[in-house]
Each structure stands twice: as structure tokens, then as C-alpha cells.
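**Student:** dropping the sequence and predicted coords here.
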Amino acid sequence: MIAEAPGSINFTMFLTLFGEKLSGTDPENEILQAFETLEDHPRSGYLNADLLREWMTGMGDRFTDEEVDIIFKEIL
């Protein structure tokens, strides 16, 4: 991030650079494609709970089974 600064970094420049890093998100079509891989049947609108649990506990920032139980309890 520091290398991206055009010059010396004051507080305003720091906030600008930091904000640019925080505001980046995936395009909507990528998010939709990610959720489509979880569907039981294409375009059914339902997610496979077992597959979602497997991904949530085994990939990226992993959740524990107890955390997934809490999440599922809140959304059901």
C-alpha cells in the first residue's frame, strides 16, 4: 500500500489509500456464480446445506461446526 502512494503519506493520503483497499468487492456476477455452485438444481433458488457447511468449515476463513450451527439456526 505504501508503494502505491504518489509521495509522502499524511493522514489524508493514508485514509484515501486504506479506503480504496476496503471498498473493493467482487463484481455481482462473480458472487452470483459462487452461490450457483451451491444450488441443488440450477436456478432452483435453494442451497445445498451440507455442501455449504463443508465449504464454510473447510475453506478460507474456516468456521467451526458450532458457528455454522448458530448461523443456520439464525437463517432458518
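**Tutor:** Structure's in. What do you need?
**Student:** in stretch 50-57, what counts as buried?
**Tutor:** By 16 or more other CB atoms under 10 Å, the buried positions in stretch 50-57 come out as R53, W55, M56. No exception for glycine: its C-beta is placed from N, CA and C like everyone else's.
**Student:** so which residues make contact with it?
**Tutor:** Residues outside stretch 50-57 that contact it (CB atoms under 8 Å, 6 or more residues apart in numbering) are L38, R62, F63, T64, D65, V68, I71, F72.
**Student:** does the first one touch N48 like I think?
**Tutor:** Just to be clear, that refers to L38. Yes. Using CB atoms under 8 Å, L38 makes contact with N48 at a distance of 5.6 Å.
**Student:** what about the helices in the chain?
**Tutor:** Counting by DSSP state H, one finds helices in the chain at the ranges 11-23, 28-36, 49-58, 65-75.
**Student:** in JSON lines, list those helices along with mean pLDDT and distance to R43.
**Tutor:** Shown next, in JSON lines, are the helices of the chain (pLDDT from 0 to 100; distance: least, CB to CB, whole Å):
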{"stretch": "helix 11-23", "mean pLDDT": "73", "distance to R43": "31"}
{"stretch": "helix 28-36", "mean pLDDT": "78", "distance to R43": "8"}
{"stretch": "helix 49-58", "mean pLDDT": "89", "distance to R43": "17"}
{"stretch": "helix 65-75", "mean pLDDT": "90", "distance to R43": "20"}
